[in-house]
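Visitor: pasting a predicted model and its sequence here:
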Amino acid sequence: MKGEEGIPEPRMDATGASLVEVAGERRAESVTARASEASKEGRAGAAGESRPKEAKGRRVKAAGLRTLSALFVVGLVCLGLAAHTGTGSPSAFGFADVAALCPLGGLEAMIASKTVVPPLLIGLAIVVVLTLLLGRAFCAWGCPVPLLRRVFGGKRSKERAAGKESGPAAGADAPIDSAAKRTARKGLLDVAAPERGGVHDARNWVLGGTVLTTALFGFPVFCLVCPVGLTFGTLVVVWRLFQFNEVTWSLLVFPAILLIELVALRSWCHRFCPLGALLSLLSRANCTFRPTSQADVCLHTTRGQACHACADACPEGIDLHRPALSAPLNECLKCRECADACPVHAITFPLMPGTSKGRKPARASVERGDEPCNG
């Protein structure tokens with residue numbers, strides 16, 4: 001249409017607004033949106049430059065891998081029971097003519113019987129070699145007790161897990177409190193982290209009592225209450241119940257003792273376990289796969305930040321930055337909790353000290369004078 005003077009009238013939309021005006025407004029909005037996005041990208045880039053570099057992609061948490069590892073061990077035991085392979089369990093395993101017990105059970109058996117069986121020595125030698133190579137890794141990756149605590153630990157285990165998920169902020173905000181917790185004794189059977197594995201460690205006294213009672217009674221007494229043996233013993237008697245309809249008192253006794261230890265002795269692994277004490281003693285000669293903090297990545301060394309996320313996450317009280325407050329490295333479970341807690345992924349587990357992709361380890365992580373692997 002044309003107006004009175006021959007000028008075309010602007011086209012109108014349903015609301016009466018000029019289509020030209022609407023198109024102009026839309027173009028302005030588009031330009032404003034692009035400018036806003038560019039501004040956001042610029043701020044994100046600037047913030048990225050000021051932040052420490054982090055690993056790309058999401059890592060699988062070690063806690064989940066440890067759960068799968070323990071379930072795999074249980075699965076192997078069930079497979080042996082179903083296929084009648086005779087491989088046994090971690091408490092008593094073997095293949096062909098080679099029979100092996102856990103290192104503590106083997107010692108108890110030899111002391112109780114006052115005899116030395118060569119196949120048993122071969123099995124013990126294999127366990128010792130694995131401990132020298134992997135340290136106390138069995139405690140984190142093969143022992144069923146941590147798995148049972150995660151499943152049946154209740155509210156306390158969930159709260160502890162939630163505390164570990166709080167991340168580096170918790171470690172950075174309260175370094176003094178965390179240090180005080182590692183150096184203070186909470187009870188008669190607790191020891192400060194630097195005294196772990198020493199004469200004041202209750203586990204060593206339980207280990208000595210285990211050996212002494214075995215010699216006195218001529219019987220491996222501790223094997224009656226060992227939570228590892230009770231776990232797989234319960235699995236075996238339940239299996240026999242369904243396979244052979246075999247009903248014994250063990251169906252009640254084994255789970256009852258195990259439940260008492262899990263509920264009443266919540267700090268079994270940390271205070272009482274003689275197997276952990278023995279593995280700790282053997283691990284003094286372990287030099288492989290020890291945690292190392294990379295000095296060129298760690299916030300503590302590169303920026304001087306009071307970040308102690310790795311130390312706060314360690315269940316054994318190891319502090320790679322403050323050796324005077326740290327438990328000895330032979331107490332390391334290779335659980336990788338410290339690596340998961342580190343905000344910049346500065347914690348690695350190299351095959352040997354000083355072999356982690358050419359990076360320099362933090363000085364404090366190799367300063368312990370009681371470690372044979374330093375140098």
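Guide: Everything's here; your move. Being a predicted model, the structure only gives us computed values, none of them experimental.
Visitor: from here on, contacts and neighbour counts on C-alpha atoms
Guide: Fine.
Visitor: doesn't Cys139 make contact with Cys332?
Guide: No - with contacts counted by CA atoms under 8 Å, Cys332 stays clear of Cys139, the gap being 9.7 Å.
Visitor: among those two, which residue is more densely surrounded?
Guide: Just comparing Cys332 and Cys139: by other CA atoms under 10 Å the higher neighbour count belongs to Cys332, 25 against 19.
Visitor: how much space between that one and Ser293?
Guide: Here the criterion is CA to CA, to the nearest Å. By it, Cys332 lies 14 Å from Ser293.
Visitor: also Leu147?
Guide: If you go by CA to CA, the gap between Leu147 and Ser293 works out to 28 Å.
Visitor: which one's more surrounded, these two?
Guide: Ranked by neighbour count (other CA under 10 Å), Leu147 and Ser293 place Ser293 first, with 29 against 20.
Visitor: partner residues bridging that one?
Guide: Note on Ser293: beta-bridge partners by DSSP bridges are Ile347.
Visitor: where along the chain do the strands fall?
Guide: Assigned by DSSP state E, the strands in the chain fall at 88-89, 92-95, 98-101, 292-293, 347-348.
Visitor: give me the contacts around stretch 248-258.
Guide: Here stretch 248-258 makes contact (CA atoms under 8 Å, 6 or more residues apart in numbering) with 225, 227, 230-231, 233-234, 237-238.
Visitor: these, buried ones only, as a PyMOL selection?
Guide: Listed next is the PyMOL selection for buried residues among these, using 16 or more other CA atoms under 10 Å:
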select buried, resi 227+230+231+233+234+237+238
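Visitor: which one of the contacts of stretch 248-258 is nearest Ile347?
Guide: Ile347 has its nearest neighbour among the contacts of stretch 248-258 in Pro227, at 31.7 Å by CA to CA.
Visitor: quick one, what contacts that closest one?
Guide: Contacts of Pro227 (CA under 8 Å, 6+ apart): 145, 258, 261.
Visitor: could these go into CSV alongside neighbour count?
Guide: As requested, the contacts of Pro227 are exported to CSV (neighbours: other CA atoms under 10 Å):
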residue, neighbour count
Val145, 20
Leu258, 21
Glu261, 17
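Visitor: how about those in a markdown table, adding pLDDT and distance to Ala309?
Guide: A markdown table is the format used below for the contacts of Pro227 (pLDDT from 0 to 100; distance: CA to CA, whole Å):
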| residue | pLDDT | distance to Ala309 |
| --- | --- | --- |
| Val145 | 90 | 25 |
| Leu258 | 90 | 33 |
| Glu261 | 86 | 30 |
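Visitor: could I get those as CSV with distance to Ala62?
Guide: CSV is the format used below for the contacts of Pro227 (distance: CA to CA, whole Å):
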residue, distance to Ala62
Val145, 17
Leu258, 26
Glu261, 25
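Visitor: let's see which of these end up in helices.
Guide: 145, 258, 261 (DSSP state H).
Visitor: worst average pLDDT in the strands of the chain?
Guide: Note on the strands of the chain: strand 98-101 shows the lowest mean pLDDT, a mean of 58.
Visitor: how far away is Arg203 from Ala215?
Guide: In terms of CA to CA, Arg203 sits 19 Å off from Ala215.
Visitor: show me where the stretch 151-300 of the chain has helices.
Guide: Under the criterion DSSP state H, counting those that start in this stretch, helices of the stretch 151-300 of the chain are mapped to 154-164, 168-173, 175-183, 202-217, 227-244, 250-264, 274-282, 299-302.
Visitor: stretch 194-201: end-to-end distance?
Guide: 10 Å.
Visitor: and this protein, what are its domains?
Guide: Following automatic domain parsing, one gets these domains for the chain: 62-154+191-283, 287-366.
Visitor: now the contacts of stretch 248-258 in a markdown table, with pLDDT and distance to Phe254?
Guide: A markdown table is the format used below for the contacts of stretch 248-258 (pLDDT from 0 to 100; distance: CA to CA, whole Å):
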| residue | pLDDT | distance to Phe254 |
| --- | --- | --- |
| Val225 | 89 | 9 |
| Pro227 | 91 | 9 |
| Leu230 | 91 | 6 |
| Thr231 | 91 | 8 |
| Gly233 | 89 | 7 |
| Thr234 | 91 | 6 |
| Val237 | 91 | 9 |
| Val238 | 92 | 11 |
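Visitor: name the nearest of the contacts of stretch 248-258 relative to Pro343.
Guide: The closest of the contacts of stretch 248-258, once distances to Pro343 are taken by CA to CA, is Pro227, at 35.2 Å.
Visitor: and the closest one, how close does it get to Pro255?
Guide: From Pro227 to Pro255 the distance is 10 Å (CA to CA).
Visitor: tell me, how many residues neighbour Ile318?
Guide: By other CA under 10 Å, 28 other residues sit near Ile318.
Visitor: tell me who's in contact with Leu147.
Guide: So Leu147 contacts 67, 70 (CA under 8 Å, 6+ apart).
Visitor: now it: how far from Leu71?
Guide: 8 Å.
Visitor: for Ala341, same thing?
Guide: Distance, Ala341 to Leu71, by CA to CA: 24 Å.
Visitor: comparing these two, which residue is more hemmed in?
Guide: Ala341 (25 against 17).
Visitor: surely the more buried one touches Cys307?
Guide: No - assessed by CA under 8 Å, Ala341 is found out of contact with Cys307, at 10.7 Å.
Visitor: picking that back up, so between Arg203 and Ala215, which is more surrounded?
Guide: Arg203 (26 against 19).
Visitor: shouldn't that one be in contact with Arg271?
Guide: Yes - with contact defined as CA under 8 Å, Arg203 reaches Arg271; the gap is 5.6 Å.
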